[in-house]
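J.: please work out how this folds:
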Amino acid sequence: MRERLGSRLGFILLSAGCAIGLGNIWRFPYVTGQNGGGLFVLLYLFFLAALALPVLVMEFAAGRAAQRSIAGIHAALTPERSPWRLHGLAGVLGCTLLMSFYTTVTGWMLIYFFKTAAGDFAGLGPQEIGGAFGRMLGSAPLQSAATLAVVLGSAGILAIGLQKGLERVTKWMMAALLVLILVLAGNSLQLDGALEGVRFYLVPSLANMQKAGVAKVVVEAMNQAFFTLSLGIGSMAIFGSYIERRRTLLGEALNVAALDTFVALSAGLIILPACAAFGVPQGSGPGLIFVTLPNVFNQMPAGRLWGSLFFLFMSCAALTTVLAVFECIVAGIRDYTRWNRPKACAVLAATVSVTSLPCILGFNAWSAFKPFGEGSCVLDLEDFVVSNFLLPLGGLCFALYCTRRFGWGWTKFVDEANAGTGPRLPTGRAGALLHAYCAYVLPVVILAVFVLGLLAKFKVLTW
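T.: A predicted model of the protein is given here:
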């Protein structure tokens, strides 16, 4: 008997929890800062609707129709077309690789929450705070302990069960996350000088876009739209398999995307106005949260409280994604092996505990390994494989599978997506136009993003 979620709200919050994470709160603000602000945000919203939303509906539909994880979708829907099963295997491996570094970064959030709450950063200057971050990265035991806590805690929650474990915990964490984001955004907007940051963030500026590089801004916006919803590796398809056919999937996808977008935009309202208020460059990069923001909190009234709340918020966001993607891996293990949930969770915990070690050691014992030259590390390589290969190519596979005769096919996809009550995908003439877009335009754009990303990464293309 297939496990079921207890409520529609549970499905929406779990799916949104998978999407909402470090991509929204850690990556989105600094990528926005690096790409000129307002126009990047508009392009991101456009590509979210034009590219990411259709693929999200496809993942939900394939999962619900097959009643399987990414590992078993193709075998259930098109058993006669075995080459598609490679996509299922790639999805499970992709989720595992994602968790091999995502759990480590989640561990950083937990470390910083406890350090900030304990007052370890109080009174430190910018160089001292930067040194503290470097010392954390240099300590393999500390990172290993934090990562292990994330892995074992998450696997333990999943072992309890779908409804009693994953659904119940995620509901509470998502509620805490939404409350914290509103409190923190309200605080940032009240800072002296915050208006300049809001203007940079929300007012489109062609000059800022040209300064960052027009082609770069466009490609980064498309990549962020895919990254933010964790599309392509089946982490959304699994939740489609846990719901009944009472609601149409376009409506559910719109709800998930809207909640995900709300959190991403709110994260920008927390960070970018605070940067403007305290003279911090908005494009400071990945270290913005760990090196720059503690300096901001040190200058704020009640900064220790706000800093603690911020890293608690970050931890909740990251853990909701860990739980959701772990569930995808657990379901994949069970589809392949028919093991019970506790055994699959134990294997998952052991596997990720080992596969996370290269990321951890990449900052200390293996720091001499620089896959992309000076300043790069194992995490950069793992992130590159997931973000630039597995997510876009996985999205391309879903687009082809759900629209072409050599896959599942457009008619079956639309029938599944439109089952139930709520907003429906169009049929008739409008449906034919949508089919043409999803079958031809969408794959070409995804493939173009993939190729441009590779050319830029290896310096073949300069912006």
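
J.: any figure for the gap between residue 144 and residue 442?
T.: Residue 144 is 41 Å from residue 442, where distance means C-beta to C-beta, to the nearest Å. Every C-beta, even on glycine, is put in place using the N, C-alpha and C of the backbone.

J.: same deal with residue 386?
T.: 21 Å.

J.: and for residue 52?
T.: Taken as C-beta to C-beta, the span from residue 52 to residue 442 is 10 Å.

J.: also residue 37?
T.: Residue 37 sits 27 Å away from residue 442, going by C-beta to C-beta.

J.: equivalent analysis for residue 236, please.
T.: Computed as C-beta to C-beta, the residue 236 to residue 442 distance reads 16 Å.

J.: helix or strand: which one has residue 242?
T.: Using DSSP states H and E, residue 242 sits in no helix or strand.

J.: tally of neighbours for it?
T.: Other residues lying near residue 242 total 24 when counted by other C-beta atoms under 10 Å.

J.: tell me the pLDDT of it.
T.: For residue 242, the model assigns a pLDDT of 79.

J.: please apply the same query to residue 280.
T.: pLDDT for residue 280: 74.

J.: and it, backbone torsions?
T.: Reported as degrees, to the nearest 10, the phi and psi values for residue 280 are phi -100, psi 130.

J.: the closest residue to it other than its chain neighbours: how many residues sit nearby?
T.: The shortest distance from residue 280 to any residue other than its chain neighbours is 5.2 Å, reached at residue 292 (C-beta to C-beta, 6 or more residues apart in numbering). Close neighbours of residue 292, defined as other C-beta under 10 Å, add up to 22.

J.: kindly report the same for residue 301.
T.: Residues lying near residue 301 (other C-beta under 10 Å) number 8.

J.: pretty sure residue 206 sits against residue 39.
T.: Yes - if you go by C-beta atoms under 8 Å, residue 206 and residue 39 touch, sitting 6.8 Å apart.

J.: which one's more surrounded, those two?
T.: Taking other C-beta under 10 Å, residue 206 and residue 39 do not tie; residue 39 has more neighbours (22 against 11).

J.: and the strand or helix carrying the more buried one, what does it pack onto?
T.: Using DSSP H and E, the element containing residue 39 is helix 38-47. Counting contacts by 3 or more C-beta pairs under 8 Å, 6 or more residues apart in numbering; DSSP states H and E, helix 38-47 is packed against helix 28-34, helix 194-202, helix 206-212, helix 214-228, helix 249-277.

J.: need the least confident one among the ones you listed, by mean pLDDT.
T.: Mean pLDDT per stretch puts helix 214-228 lowest among the helices and strands packed on helix 38-47, at a mean of 81.

J.: run the chain-centre distance for that helix.
T.: Offset of helix 214-228 from its chain centre (C-alpha atoms, centre = their mean, to the nearest Å): 14 Å.

J.: now the angle from the longest helix seen in the chain to helix 249-277?
T.: The single longest helix within the chain, with elements called by DSSP state H, is helix 303-337. On the basis of axes from the mean of the first three to the mean of the last three C-alpha atoms, to 10 degrees, helix 303-337 is oriented at 150 degrees to helix 249-277.

J.: how close does residue 289 get to residue 201?
T.: Residue 289 sits 16 Å away from residue 201, going by C-beta to C-beta.

J.: swap in residue 384?
T.: In this view, residue 384 and residue 201 are 27 Å apart by C-beta to C-beta.

J.: for residue 265, same thing?
T.: 9 Å.

J.: any common contacting residues for those two?
T.: Each of residue 41 lies in contact with both residue 265 and residue 201 under the rule C-beta atoms under 8 Å, 6 or more residues apart in numbering.

J.: neighbour count winner among these two?
T.: Ranked by neighbour count (other C-beta under 10 Å), residue 265 and residue 201 place residue 201 first, with 23 against 20.

J.: hmm, that one is touching residue 270, no?
T.: No - using C-beta under 8 Å, residue 201 makes no contact with residue 270, being 10.7 Å away.
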